[in-house]
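A.B. asks: here is the input, now give the coordinates:
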Amino acid sequence: MPPPDPVFLERAWSVVAGAAAKANLAVVLGTERVVDDALLITALVVNRDGTIAGFQDKVQLDPSEESIYSPGLGRRVSRLVR
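C.D. replies: Purely as a prediction, here's the structure:
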């Protein structure tokens, strides 16, 4: 498997955000992201207008994920724009 590519991920999130705005839909997208050289499992939250509401990183990993991913820190609340 190739190493994570932050540029690819940012571009993909931008495409999803644009599609969300065009369709006037909020999106919660399962994805990965790189933070401080650590790969995280995360959910990207996109508002109906295409703005990014935030991320929620997985904090409790399955043992099968521990060799690839790092756990996130804490819980976040994202407020969607109506």
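A.B. asks: now do the contacts for the residue nearest the centre of the chain.
C.D. replies: Nearest to the mean C-alpha position of the chain, by Cα atoms, centre = their mean, lies residue 44 at 3.2 Å. Shown in contact with residue 44 (Cβ atoms under 8 Å, 6 or more residues apart in numbering): 13, 16, 27-29, 31, 33, 52, 55. Where C-beta positions appear, they are placed from N, C-alpha and C, glycine not excepted.
A.B. asks: now with 7 Å, please.
C.D. replies: Each residue near residue 44 by Cβ atoms under 7 Å, 6 or more residues apart in numbering is listed here: 13, 29, 31, 52, 55.
A.B. asks: now the strands for this protein?
C.D. replies: With strands called from DSSP state E, the chain shows them at 27-35, 38-46, 52-57.
A.B. asks: could I get these as JSON lines with distance to residue 71?
C.D. replies: Shown next, in JSON lines, are these (distance: least, Cβ to Cβ, whole Å):
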{"stretch": "strand 27-35", "distance to residue 71": "11"}
{"stretch": "strand 38-46", "distance to residue 71": "8"}
{"stretch": "strand 52-57", "distance to residue 71": "8"}
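A.B. asks: deepest of these, which one?
C.D. replies: For the strands of the chain, the largest average neighbour count (mean count of other Cβ atoms under 10 Å) is found in strand 38-46, namely a mean of 19.
A.B. asks: which neighbours does it have in its sheet, and in what orientation?
C.D. replies: Counting by DSSP bridges, the strands paired with strand 38-46 are strand 27-35 (antiparallel), strand 52-57 (antiparallel).
A.B. asks: how about that strand as PDB, C-alpha atoms only?
C.D. replies: Presented in PDB, the C-alpha positions along strand 38-46 are these (Å, rounded to 0.1, in the frame of the first residue of the first chain):
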ATOM      1  CA  ALA A  38       0.600  10.300  12.200                       C
ATOM      2  CA  LEU A  39      -2.100   8.600  10.100                       C
ATOM      3  CA  LEU A  40      -5.600   8.900  11.600                       C
ATOM      4  CA  ILE A  41      -8.900   7.300  10.800                       C
ATOM      5  CA  THR A  42     -11.300  10.200  10.700                       C
ATOM      6  CA  ALA A  43     -14.700  11.400   9.600                       C
ATOM      7  CA  LEU A  44     -14.800  14.700   7.600                       C
ATOM      8  CA  VAL A  45     -17.900  16.700   8.300                       C
ATOM      9  CA  VAL A  46     -19.000  19.100   5.400                       C
END
